[in-house]
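Visitor: Just to be clear, the model below is a prediction. Sequence and coordinates:
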Amino acid sequence: MDERNGGGVAGSGPRTPDPGPGLNIPDRVLVVGLGKTGVSLVKFLAGLGKQVTVTDVKSKEQLASSLAELNGTPYVGHFGSHSKDDFLDHQMILVSPGVDSNLPLLLEARAKGRRVIGEIELASRFIKEPIIAITGTNGKTTTTTLLGQVFTAAFKDVFVGGNIGKPLIDYVLKGQKARFVIAEISSFQLETIETFRPHVAILLNITEDHLDRYTSFEKYAAAKWRLFENQTSEDYAFLTADLAGKNGLKARSLCFSTQKSLTEGAFLDGETLVVRLSGQEFRYRRDLSPLIGIHNSENLLAVLLTSHIYGIDRPVIEQALRKFKGLPHRMEFVREKNGVRFYNDSKATNVDATRRALESITGSVILIAGGKDKGGSYKVIAERPDSIKGLVLFGEAKEKIEKELGASLPTHMAATLSEAVERAFAIAGPGDTILFSPMCSSFDMFKDYKDRGEKFRRIAEAL
């Protein structure tokens with residue numbers, strides 16, 4: 001379906017016309033994908049006076065909310081399917097994160113000399129302020145949000161966005177001016193970078209995920225490692241100690257670890273978070289933060305290390321740690337009924353996230369899991385059979401999970417999330433925890449992980 005939209009350009013336009021060397025944006029540009037990022041890209045490019053064509057396999061009706069946001073912005077829209085002509089008729093193609101960069105039409109366009117980049121690459125060309133970028137299979141949203149709160153308390157003017165909700169291009173589009181730009185970056189976004197260079201790049205962890213998109217774990221990991229690709233000796237690279245030996249980084253590398261002490265970097269010493277830099281040592285009580293679990297200790301160490309690199313005062317850091325209660329759908333305490341605790345961990349869309357959640361709970365757990373399979377193995381969950389009193393499965397992946405775990409764990413099947421919660425509560429006794437940590441994406445039955453988590457919360461509260 002072809003749609004033309006005209007009128008004035010929404011937004012204030014870019015605050016600088018200079019994207020730096022090496023990026024000549026042609027007069028005609030194609031945007032692939034009209035989600036939140038795609039909408040911002042269309043607005044930005046139209047604000048530069050470019051002729052923008054946008055294509056999406058979703059129908060006009062499915063994209064109604066996105067199209068409403070573009071009311072008044074000039075563009076040509078092709079919806080319902082992709083056209084080969086669109087991909088070959090434009091010299092520059094901007095890809096939204098949800099679009100696979102190995103889409104056959106994109107591969108053909110690249111082979112014929114078309115330039116394919118993503119929103120992170122485009123936005124970074126217009127940003128002159130220091131960028132702190134965080135990636136990892138798990139923990140990146142928590143780390144990005146907490147780091148944003150620490151830096152906002154210290155410096156006031158800080159932009160926090162990227163994969164976390166506000167596209168990085170919005171910072172440029174709205175003419176903002178901050179001391180720092182803090183961005184959560186996904187592997188999908190890193191697929192299409194060219195020169196993206198954060199001043200501080202943080203890699204929290206890499207475990208199996210998105211194997212429905214990547215043909216191997218190695219290719220997924222390679223996308224994550226691209227975060228460091230363009231850094232120089234003037235930049236910083238922070239990563240866990242177990243990943244440190246696998247890099248050939250050009251940036252100044254510092255590690256954080258929950259397993260061993262470090263002469264330089266950040267580590268967990270019993271119940272104390274320790275930062276050692278340039279001969280100085282800073283110690284923080286772990287219980288300053290209400291975030292539970294060893295995985296959150298890693299997130300906190302990354303935050304502390306970054307904060308001290310920029311000289312943020314200790315009282316500012318401590319206050320931010322105390323105030324940050326965590327994020328919805330991430331080990332979120334919902335309620336206690338008849339001595340049974342309910343936790344909403346709907347953001348756990350991969351197996352490692354669920355493993356980490358299980359490790360943060362003492363006592364017996366009834367685990368509710370399932371959803372749309374992402375291609376990984378679930379077998380690691382069976383390594384702690386004594387702690388799992390019952391496994392309740394629902395969703396598209398329930399048969400696969402049951403096949404891998406059913407012989408090791410007492411397993412029950414449910415047709416719906418509501419039935420899964422009722423079965424879990426029937427199994428649980430006083431002192432037990434019902435953990436909703438799906439290990440899968442939500443797109444078989446729900447709009448997204450937030451929708452899924454909110455429905456779990458409502459079901460649990462209604463028991």
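Guide: Sure, I can see it. Note that the coordinates shown come from a computational prediction; the quantities given were computed from them, not determined experimentally. Numbering: from 1, shown residues only.

Visitor: Sketch out the low-pLDDT regions of the stretch 351-463 of the chain for me.
Guide: Regions of the stretch 351-463 of the chain meeting the criterion pLDDT under 70 are absent.

Visitor: Mind jotting down where the strands sit in it?
Guide: If DSSP state E, counting those that start in this stretch is used as the criterion, the strands of the stretch 351-463 of the chain fall at 365-369, 388-393, 411-413, 433-436.

Visitor: Same question for the stretch 201-350 of the chain.
Guide: Counting by DSSP E, counting those that start in this stretch, the strands of the stretch 201-350 of the chain are 236-240, 252-257, 265-269, 272-277, 280-285, 332-337, 340-344.

Visitor: neighbouring strands for the fourth one, and are they parallel or not?
Guide: With DSSP bridges as the test, strand 272-277 is paired with strand 265-269 (antiparallel), strand 280-285 (antiparallel).

Visitor: For residue 238, which of these is the nearest?
Guide: Across the strands paired with strand 272-277, residue 238 has its closest neighbour in strand 265-269 (8.2 Å, CB to CB). The way it works is simple: take the backbone N, C-alpha and C, and place the C-beta from them, glycine included.

Visitor: buried residues in the closest one?
Guide: For strand 265-269, the neighbour count (16 or more other CB atoms under 10 Å) marks 265-268 as buried.

Visitor: Serialize these to JSON lines and add fields for distance to residue 259 and pLDDT.
Guide: Conversion of the buried residues of strand 265-269 to JSON lines gives the following (distance: CB to CB, whole Å; pLDDT from 0 to 100):
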{"residue": "265", "distance to residue 259": "12", "pLDDT": "98"}
{"residue": "266", "distance to residue 259": "12", "pLDDT": "98"}
{"residue": "267", "distance to residue 259": "8", "pLDDT": "98"}
{"residue": "268", "distance to residue 259": "8", "pLDDT": "98"}
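
Visitor: closest to residue 64 among those residues?
Guide: residue 266 (46.7 Å).

Visitor: re the thing from before, dump the strands of the stretch 201-350 of the chain to CSV, plus distance to residue 142.
Guide: Shown next, in CSV, are the strands of the stretch 201-350 of the chain (distance: least, CB to CB, whole Å):
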stretch, distance to residue 142
strand 236-240, 15
strand 252-257, 14
strand 265-269, 16
strand 272-277, 15
strand 280-285, 17
strand 332-337, 12
strand 340-344, 14
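
Visitor: These: which one's closest to residue 420?
Guide: Distance to residue 420, taken as CB to CB, is lowest for strand 340-344 among those, at 12.3 Å.

Visitor: got the angle between that closest one and strand 332-337?
Guide: Relative orientation of strand 340-344 and strand 332-337, computed by axes from the mean of the first three to the mean of the last three CA atoms, to 10 degrees: 160 degrees.

Visitor: Report the strands that pair with strand 340-344, each with its relative direction.
Guide: Strand pairing for strand 340-344, determined by DSSP bridges: strand 332-337 (antiparallel), strand 433-436 (parallel).

Visitor: ranges for the helices of the stretch 251-400 of the chain?
Guide: Taking DSSP state H, counting those that start in this stretch to define them, one finds helices in the stretch 251-400 of the chain at 294-309, 314-323, 351-359, 398-405.

Visitor: Contact partners for the residue lying closest to residue 289 once chain neighbours are set aside?
Guide: Spatially, and ignoring its direct neighbours in sequence, residue 289 is nearest to residue 321 (4.6 Å; CB to CB, 6 or more residues apart in numbering). Counting by CB atoms under 8 Å, 6 or more residues apart in numbering, residue 321 touches 146, 284, 288-289, 300.

Visitor: Please consider this matter closed, and thank you.
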